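>>> Provided below for reference: sequence and predicted model.
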Amino acid sequence: MMTLNEFRSLFQNGLIKQNTGLVQLLGLCPLLAISNNVVNALSLGLATLLVMAASSGAVSGVRHFVPHEIRIPVFVLIIAALVTVIDLAMNAFVHPLYLVLGIFIPLITTNCIVLARADAFASKNHPLHSVIDAVAMGLGLTLVLVVLGAIRELAGKGTLFSGIDLVFGAAAKSYVLHVLPHYQGFLLAILPPGAFIALGLLIAAHNWNKARAAQRVRAAVPMAA
Amino acid sequence: MTDATRNALRTGTVLFLFALVGTAILAFTHDRTEPVITRSQQAEKLALINQVLPASSYDNDLLASRQDLPPDDLLGTRQPSALWIARRGSQVTAVVLEAIAPDGYAGDIALLIGIDIDGKVTGVRVTAHRETPGLGDYVERTKSAWIDQFAGKSLTDPEPKHWKVAKDGGAFDARAGATITPRAVVKAVRSALDYFARHRAAFVAAPPAKEKKA
């Protein structure tokens, strides 16, 4: 049903070529707001991934029954319902984390990347492909979130995984890595401007890497000829 | 029926069906998660209250003892705020009340204050604020132990004129460079003690709420 190549290209698109955070620059509001530490970033990333996978699967499953004119309201309805389910479930089962992520869970509904994948990909493809595409896109987003969270937390507080006890209970407090002991802290990194600066640097690194790869290809062509 | 009408009816029906299924799923999830959510919210509230009032100092169902206090300048409140009355047996041992320090660096600082029947603070916690992260937010217990210094204090210890931060000649520490926040908190705790002193008789005489024993 699905070749290895298709599978690979979906993941390449999601993680690198069409990365939502670095290339498409979609859904930046939660990306910038919640990336102040690794735990928040990872949690929101995974919640978004879950919503994307579920909504893409659902949208793709019903794509033959949805008249073209009302596809957007139907997709939004599906996404909003799924997000509310996840919102309620998180409130019930990981309450402390829910308090931290707060408004950003319901706001996944308005994250344009979810609707974008539903409309651009899932409504035209087989459910399996759609779910895998959504997972790949979600992983790409999570990856950027986590890297951004790690940079900001490290620069801002000198720790990694602070707040992990909110997910795994008080016993997990000892998992927090104090990478830079006696660090005085760098407030800018944790405040919103730090998010823009760090994301800018990440995009720059991504573009630099792309440019270098393109140059290597160009340099290789004459040799092959 | 024209084609257009038929088409409109068909799309309308499809949209309606989707809305129906969506609503059903949400109703089901809500029904399943609601008891758990209520329980964790109450556990969270009780855990917070127990930070300002040791669970060993009362044996009633504290959450059920909740009353609304009318807005009061001494509490800094503009809306009714909550009061919990702790009892051991039939004896009132302490109260826990919500107060607001209205003059923080960035607006209101919401406080939860435990006061025992002798007018001594059993504990204070900041429950909500918008103070600068990394600067004024050390009044949060998760950031530093600063707020612990209120425990055991009363209107006579230190004397009223020393209910200030050290920088203003008072008895309470504050970090250099961030005195507005602690100044507001010290003032609010003091006012809350005043409020308690004025209403103590009413609190002690309050009939126990209909509550099941914890």
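Noted; the coordinates are in hand.

>>> and the closest residue to B:Gly22 other than its chain neighbours, which helix or strand is it part of?
Closest residue to B:Gly22 in three dimensions, ignoring its sequence neighbours and counting by CB to CB, 6 or more residues apart in numbering or on different chains: A:Ala81, at 4.1 Å. C-beta here means a position set from N, CA and C on the backbone, and glycine is covered the same way. Under the criterion DSSP states H and E, the helix or strand holding A:Ala81 is helix A:71-93.

>>> so where's the longest helix in chain B?
With DSSP state H applied, the helix covering the greatest number of residues in chain B is identified as helix B:3-52.

>>> chain center to the following helix or strand past that one: distance?
For helix B:3-52, the succeeding helix or strand toward the C-terminus, using DSSP H and E, is strand B:67-69. Distance of strand B:67-69 from its chain centroid, counting by CA atoms, centre = their mean, to the nearest Å, is 12 Å.

>>> which elements pack onto strand B:67-69?
Here strand B:67-69 is seen to pack against strand B:81-88 when contacts are counted using 3 or more CB pairs under 8 Å, 6 or more residues apart in numbering or on different chains; DSSP states H and E.

>>> buried ones in the strand it packs on?
Under the neighbour-count criterion of 16 or more other CB atoms under 10 Å in any protein chain shown, strand B:81-88 has B:81, B:83-87 buried.

>>> now pLDDT and distance to B:Gly177 too, for those residues, in CSV please.
Formatted as CSV, those follow (pLDDT from 0 to 100; distance: CB to CB, whole Å):
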residue, pLDDT, distance to B:Gly177
B:Ser81, 90, 31
B:Leu83, 92, 35
B:Trp84, 92, 36
B:Ile85, 92, 39
B:Ala86, 92, 38
B:Arg87, 91, 43
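
>>> redo these as TSV? Include distance to chain A.
As requested, the buried residues of strand B:81-88 are exported to TSV (distance: CB to the nearest CB, whole Å):
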residue	distance to chain A
B:Ser81	21
B:Leu83	24
B:Trp84	21
B:Ile85	26
B:Ala86	24
B:Arg87	28
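
>>> all strands for chain A, in order.
Using DSSP state E, no strands are found in chain A.

>>> find the residue at the geometric middle of it.
Per CA atoms, centre = their mean, the C-alpha nearest to the average position across chain A is that of A:Leu141, at 2.3 Å.

>>> how near is that residue to A:Val23?
Remark: distance between A:Leu141 and A:Val23 (CB to CB, to the nearest Å) = 11 Å.

>>> can you tell me what sits against stretch B:127-135?
Outside stretch B:127-135, the residues within contact range by CB atoms under 8 Å, 6 or more residues apart in numbering or on different chains are A:185, A:187, A:190-191, B:48, B:98, B:104-112, B:136-137, B:139-140, B:177-178, B:181.

>>> can you give the distance of that stretch from its chain's centre?
For stretch B:127-135, the distance from its own C-alpha centre to the chain's C-alpha centre is 16 Å (CA atoms, centre = their mean).
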